[in-house]
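**Q** With the sequence up front, the predicted model follows.
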Amino acid sequence: MRDHLKKLFMFDQVHQLKKLGFSKSEIGRKLEIDRKTVSKYLSMNLEEYLVFLDKLKERSRLLDPYEGFIGQKLNVFQDTTAAQMHDWLKEHHPDFPQVSSKTVFNFVMWIRQKYNIPKQVSLRDFHMVEELAYGEQAQIDFGEYSMRTVDARHIKVHFFLVVLSRSRQKFVVFDIRPFTTQKVIQAVELSFEYYEGIPRQLVFDQDKTVLTNENYGLLILTEAFRAYIQSRGIDLHFCRKSDPQSKGKVENGVKYVKQNFLHNRLFEDIDILNNQAVLWLSRTANALPHAGTKKVPQQEWIIEKDFLKPFYALVLPGSDQNKLYAVRKDNTFSFKGNFYTLPSGTYAGCGTTVRVQVIDDELVVTDLGGQLLVRHPLCRETGKMIVNNNHKRDTSASVLAFMDQLSSLFTNKPLALDYLHSVRQAFPRYARDQFQLLSNAAKEAPQDILDQTLELCMEHNITNTVDFKEILQKQLVETRQPPACASTITLLENNRLHLQNMIPEKSNISDYHQLILKL
């Protein structure tokens, strides 16, 4: 009987929307039914539709031969799902026809209604949570909604909703594109500015914009969001997957935004929509008594904001000229409709980002530590791939050959190779430059001094060839003999016999007496 009334109600809705001027496709999207079903309903009047429903009751079903088997199984195992029943039918009946899982589901539900076999559902125990202290927590959730535009098209809008857990004061911001990590950070900052303070804890779903991975309770934040949370000093709490009840305050708020604000509202522009949302918050969402607390959120927020941490504007690295961009697996990133290449090895797993600045019609790309990765000319077109050929070239073979050539300069070649590998590991993107510096420094050095410098660097774990060069030069200075000393030694050797026969002159003592008397 209930199913019969639902079908009649759907038939009536289709005809009512048609009278309001909706097309068949629009009616189908609005009521979430197929366009062909809409056409079939519109082709019949009420009397014809009632006759059609009566025929549905009497028609034979493709799975009627299996009614006894399904009814027997459901009587014994009431919690059996339609998917499992589908598998049992194929297992016990080799001639079971090829039908969709939806057909089996509808037939199993029909048998449950016919024989009054409800599905056993394990209920979860819930307990009312005590009200948190003022300023303690805010809950955050995301939503999306399909809006009609002024020119009768449809556009999907995405929104970010924050609810203070104690006062129930709400804040919402909209965007026409899905929220990224940087947009989430900016939205959180806007909510703090709106609340005139910062709560001590934020409650999130396990959303990919703030989490890169979850492994048995170990939550790994995206790099940008982790840095932001550390700068703000906020505690985070993440709900378990598929557990919306743990943040029920904001879950109800998402439905409220859809049903009270977005429903039947025409989309003109995203900025206009956000301005309308601010007025709706002050006029309705935060001005009317909350259904649960029976208190007005706006009035409660006046009390709560004194318990929030002080808000101060935070300089975010998310401006158009200095944004974080995700690195793709193929070591490229997308910027304003084009793809730009990055050095091989830049991608280091999900969540890898680079910082991009536009300087004098040039893209300057750095890592999060500020190290320059590449410069690209800014492309004004779209759909292009801007390639730096060095990024595609595999130089690992040439580097290994260079290392082998350098190691031959030392007496202990295996030790030299170990040292060169440690240099390459310490400077993976500048290994060739490091090796070139070492090669230039070793050209004029004696073999023994070169070997001593190598042993000294290995002993003290010195992997920078700049330091290697300085140590080598110091060793050369200390061991080099001055030219004057060498010539003096040669002179003494050649005239040794002559010097032995020389008799030094003797001073007369009377000369000293005369000098003393004059004083």
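**A** Structure's in. What do you need? All figures in this text were calculated on a predicted structure; none of them were measured in a lab. Residues are numbered from 1 along each chain as shown.

**Q** Distance of residue 145 relative to residue 23?
**A** 20 Å (CB to CB, to the nearest Å). From N, CA and C alone the C-beta is placed, and that goes for glycine too.

**Q** Give me the distance from stretch 327-347 to the chain's centre.
**A** 15 Å (CA atoms, centre = their mean, to the nearest Å).

**Q** And that stretch, end to end?
**A** End-to-end distance of stretch 327-347 (CA to CA, to the nearest Å): 6 Å.

**Q** Below-threshold pLDDT in the stretch 251-400 of the chain: ranges please.
**A** Along the stretch 251-400 of the chain, segments meeting pLDDT under 70 span 251, 314-323, 389-397.

**Q** Which stretches in it count as helices?
**A** Assigned by DSSP state H, counting those that start in this stretch, the helices in the stretch 251-400 of the chain fall at 270-280, 297-304, 389-392, 396-407.

**Q** can you check the stretch 51-200 of the chain too?
**A** For the stretch 51-200 of the chain, helices defined by DSSP H, counting those that start in this stretch occupy the ranges 67-76, 82-92, 101-115, 181-195.

**Q** Show which residues not belonging to stretch 288-299 make contact with it.
**A** 164, 167-170, 282, 285-287, 300 (CB atoms under 8 Å, 6 or more residues apart in numbering).

**Q** same thing but 10 Å
**A** Counting contacts by CB atoms under 10 Å, 6 or more residues apart in numbering, the residues outside stretch 288-299 that touch it are 128, 131, 163-164, 166-170, 248-249, 252, 256, 260, 281-282, 285-287, 300, 302-304.

**Q** which among these end up buried?
**A** 163-164, 166-170, 249, 252, 256, 281, 285-286, 300, 304 (16 or more other CB atoms under 10 Å).

**Q** of all the helices of the stretch 51-200 of the chain, which lies closest to residue 33?
**A** helix 101-115 (14.1 Å; CB to CB).

**Q** Residue 85: neighbouring residues, count only.
**A** By the measure other CB atoms under 10 Å, the count of residues near residue 85 is 21.

**Q** what about residue 360, how many residues close to it?
**A** 6.

**Q** got a list of what the closest residue to residue 90 other than its chain neighbours touches?
**A** Nearest in space to residue 90, with sequence neighbours left out and distances taken as CB to CB, 6 or more residues apart in numbering, is residue 96 at 5.1 Å. Residues counted as contacts of residue 96 (CB under 10 Å, 6+ apart) are 63, 65-66, 86, 88-90, 104.

**Q** Buried only: go through those residues for me.
**A** Members of those classed as buried by 16+ other CB under 10 Å are 63, 66, 86, 88-89, 104.

**Q** Where is the longest strand in this protein?
**A** Looking across the chain with DSSP state E, the single longest strand is strand 137-149.

**Q** Run through the neighbouring helices and strands of that one.
**A** Judged by 3 or more CB pairs under 10 Å, 6 or more residues apart in numbering; DSSP states H and E, the packing partners of strand 137-149 are helix 24-31, strand 154-164, strand 170-175, helix 181-195, strand 201-204, strand 235-238, helix 248-256, strand 266-267.

**Q** what does the last one rub up against?
**A** If I follow you right, that is strand 266-267. 145-157, 174, 176, 272-273.

**Q** Of those residues, select the buried ones using a PyMOL command.
**A** The PyMOL command for the buried members of the contacts of strand 266-267 (criterion: 16+ other CB under 10 Å) is given here:
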select buried, resi 145+147+148+157+174+273
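
**Q** Could you measure from residue 78 over to residue 112?
**A** 9 Å.

**Q** Spit out the residues that contact these two alike.
**A** In contact with both residue 78 and residue 112: 118-119, using CB under 10 Å, 6+ apart.

**Q** and those two? which has more neighbours close in?
**A** Neighbours per residue, other CB under 10 Å: of residue 78 and residue 112, the larger number sits with residue 112, 17 against 13.

**Q** Contact partners for the more buried one?
**A** 70-71, 74, 78, 82, 118-119.

**Q** Taking those residues, tell me the two that lie furthest apart.
**A** Most distant of those, by CB to CB, are 70 and 118, 14.9 Å apart.

**Q** The two: which has the busier surroundings?
**A** Neighbours per residue (other CB under 10 Å) separate residue 70 from residue 118, with residue 70 holding more: 23 against 9.

**Q** Next, the contact list for the more buried one, please.
**A** Residue 70 neighbours (CB under 10 Å, 6+ apart): 63, 80, 82, 85, 88-89, 104, 107-108, 110-112, 115, 117.

**Q** still on that earlier bit, partners of the longest strand of the chain, with directions?
**A** Neighbouring strands of strand 137-149 in its sheet, by DSSP bridges, are strand 154-164 (antiparallel), strand 201-204 (parallel), strand 266-267 (parallel).

**Q** Which one, of those strands, ends up nearest to residue 54?
**A** Of these, nearest to residue 54 by CB to CB is strand 154-164, at 36.6 Å.

**Q** Quickly note the distance from residue 232 to residue 150.
**A** Relative to residue 150, and taking CB to CB, residue 232 is found at 39 Å.
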